[in-house]
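Q: here is a sequence together with a model predicted from it:
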Amino acid sequence: MEMSKEERYGQLVLTNILSCVWLGEWDRYEETFRNMDKELIKNFPFHTYYRREEVSLWYENHFLIPGDYFVSPYFSSYIKKGHDEHEERKKDLLCLIGLYEKIGFLYPLEKEIYPDHFGCITAFLSSVIQESIKADTEKDEEYKSKLTELNHYIIGRYIFPILQVLKKNAEPKIKHPFFKEFLNFYIQIMTEEIGNAA
């Protein structure tokens, strides 16, 4: 079923929030929630636990600094390991970079992060949704359809296959309730997205 323009705008806000958390962009995160209706905020269970200083510290422990609590935020960390591991990772990264280039997504270059970071992939989904809204405004149904397919492909190829491995890896390490709730929320949203694509 095709989404309305309002639903696409809602999806854009949602993916922006998800990418803010993955990337630790707390100013943008706070601005989004400051401008959000109080009733809508209730739909984000992790936000209840948001205390910037605490969350920033745990973000570093979980996603930046290797150690006891570290959970890799990179897709390539979760692909099957084997004798062709290096080549497989290289192919995945090149394919992802090619997809980014198709719509002029320069975020990984601008922010100097690897293109397979979950925050980067999620920000790319935001770009795809933004392009879809633009295509809708310009009445370009063919481009909009291609963007919807691209959105489903990205989730199906780079996010959904690793969700359970990510969850299993994160469960013993993630201690802060904000990130526990966030990961559960992220997994739920992406699982629903893949279900909607089917």
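A: Good, I have the coordinates.
Q: going by C-alpha atoms from here, please, whenever you check contacts or count neighbours.
A: OK.
Q: what segments of the chain are helices?
A: Using DSSP state H, the helices found in the chain span residues 5-23, 26-34, 38-41, 52-59, 85-102, 107-111, 118-137, 141-154, 163-170, 177-197.
Q: select, out of these, the one closest to Tyr74.
A: helix 118-137 (5.9 Å; CA to CA).
Q: show me what the closest one is packed up against.
A: Counting contacts by 3 or more CA pairs under 8 Å, 6 or more residues apart in numbering; DSSP states H and E, helix 118-137 is packed against helix 5-23, helix 141-154.
Q: mind listing what's buried in that helix?
A: 118-133, 135-136 (16 or more other CA atoms under 10 Å).
Q: low-confidence ranges in the protein?
A: 1, 80-90, 92-94, 106-109, 197-198 (pLDDT under 70).
Q: find the centremost residue of it, please.
A: Central residue of the chain (CA atoms, centre = their mean): Thr122, 2.7 Å from the mean position.
Q: from Ile121, how far out is Ser77?
A: Shown here: Ser77 relative to Ile121, a distance of 14 Å by CA to CA, to the nearest Å.
Q: do the same with Arg34
A: 25 Å.
Q: in space, what's closest to Tyr78 - neighbours in sequence excluded?
A: Nearest non-adjacent residue to Tyr78, counting by CA to CA, 6 or more residues apart in numbering: Ile162, 6.2 Å away.
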